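Participant: can't give you the sequence, but here's the structure:
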């Protein structure tokens, strides 16, 4: 995990599933290639799941796994620290 894009992806997935375009719209300045690489890395790590959504053509839904949900405590602590000290 160790990079800001991955942290933002995890933060956004905790509350609901997302699609690639949701991330593209939310993360201005992050290239599609970088976003794709980060999503693949998180999936390979078992933190997120990539599920084809056949009802909507070739779209894919991303959701957080149980392992990824456990990481939410870390993200929350980082946000609290940032609000308090930065």
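Facilitator: Structure received. All values reported here derive from a predicted model rather than from experimental measurement.

Participant: from here on, contacts and neighbour counts on C-alpha atoms
Facilitator: OK.

Participant: may I have the phi/psi pair for residue 38?
Facilitator: Backbone torsions for residue 38, taken as degrees, to the nearest 10, come to phi -70, psi -40.

Participant: let me know the helix or strand that the closest residue to it other than its chain neighbours is in.
Facilitator: Leaving aside its chain neighbours, residue 38 sits nearest to residue 6 (6.1 Å; criterion: CA to CA, 6 or more residues apart in numbering). Using DSSP states H and E, residue 6 sits within helix 4-13.

Participant: what element comes up after that helix heading to the C-terminus?
Facilitator: Sequence-wise, the next helix or strand downstream of helix 4-13 (DSSP H and E) is strand 18-19.

Participant: for the next helix or strand after that next one, packing partners?
Facilitator: Next helix or strand after strand 18-19 toward the C-terminus (DSSP H and E): helix 20-26. Contact partners of helix 20-26 among helices and strands, from 3 or more CA pairs under 8 Å, 6 or more residues apart in numbering; DSSP states H and E: helix 32-44, strand 59-64.
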